[in-house]
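Engineer: I would like the atomic coordinates for the input below:
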Amino acid sequence: MTEKLSERAAIFIDGSNFYHSVKDTLDVHDNEVDFRKLIEELKRGRLLISVYYYNASLDRSYNEEIYWKQQKFFSELRGIPGFHVILCHMRKILKAGKEPEFKVKGDDIHLATDMLSMAYEHLYDTAILVSGDGDFVPLVRKIRKLDKKVENAYFLISCSNFLKKECDFSILLDEVITEKCLKQSKD
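Structural biologist: Okay, here's the model as predicted:
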């Protein structure tokens, strides 16, 4: 166990990918997930350096009630020791005769920059990437060349086989969350 505790792990969560995956897979919202339990499952007995969660605030003027629910969720995440919420930009796309679409912008580049710079600074031994986005493959390759391990936590609905193959270890979150990481009572 001493060997595991000396291994330093950092968790990087693609918040938008997580939100859509947990919603589409389990029909729950991310605020129904107990992130403290999820962190315990992911770190697997290693020394946790920190957790980074990348997302964007919703458009307050579009739906104030949902906006405030999200702000409460972000506040709860910030209350977890070592948990950092990195907010990027929300892009509003207007198309004639349709409801506006919203897309998180900048989250992937922030995640990649943090994960890579922390690898260069030797701040962790293992990076745990919570995302199914195959766009992270070049990042994973570079980090592994720096003699760091990369693990992938993903949902079946949004997984990239290319990403999984590039990582040292992967974990399917579908069962982990439903069996161990849902809050007991819904907010």
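
Engineer: count the residues that sit near the closest residue in space to Lys183 that isn't next to it in sequence.
Structural biologist: Nearest residue to Lys183, sequence neighbours excluded (CB to CB, 6 or more residues apart in numbering): Asp34, at 4.9 Å. C-beta here means a position set from N, CA and C on the backbone, and glycine is covered the same way. For Asp34, the neighbour count with other CB atoms under 10 Å is 14.

Engineer: do Asp107 as well
Structural biologist: 24.

Engineer: which SS state does the residue lying closest to it once chain neighbours are set aside fall under?
Structural biologist: Ranked by CB to CB, 6+ apart and with sequence neighbours excluded, the top spatial neighbour of Asp107 is Tyr54, at 4.1 Å. Taken by DSSP: H, G, I helix; E, B strand; the rest coil, the conformation at Tyr54 corresponds to strand.

Engineer: quick one, what contacts Tyr54?
Structural biologist: Phe12, Ile13, Asp14, Gly15, Ser16, Ile86, Cys88, Asp107, Asp108, His110, Leu111 (CB atoms under 8 Å, 6 or more residues apart in numbering).

Engineer: now pLDDT, secondary structure and distance to Cys181 too, for the residues you listed, in TSV please.
Structural biologist: Below are the contacts of Tyr54 laid out as TSV (pLDDT from 0 to 100; DSSP: H, G, I helix; E, B strand; the rest coil; distance: CB to CB, whole Å):
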residue	pLDDT	secondary structure	distance to Cys181
Phe12	98	strand	18
Ile13	97	strand	13
Asp14	95	strand	17
Gly15	94	helix	16
Ser16	91	helix	19
Ile86	94	strand	22
Cys88	87	strand	25
Asp107	86	helix	22
Asp108	91	helix	24
His110	95	helix	24
Leu111	97	helix	21
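
Engineer: would TSV of those residues with distance to Ser75 be doable?
Structural biologist: Shown next, in TSV, are those (distance: CB to CB, whole Å):
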residue	distance to Ser75
Phe12	20
Ile13	16
Asp14	20
Gly15	14
Ser16	18
Ile86	15
Cys88	17
Asp107	19
Asp108	24
His110	20
Leu111	21
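
Engineer: which of those residues ranks first by neighbour count?
Structural biologist: Neighbour-wise, those (other CB under 10 Å) top out at Ile13, 29 neighbours.

Engineer: OK, contacts around that one?
Structural biologist: Listed by CB under 8 Å, 6+ apart, the contact set of Ile13 reads Val51, Tyr52, Tyr53, Tyr54, Val130, Ser131.
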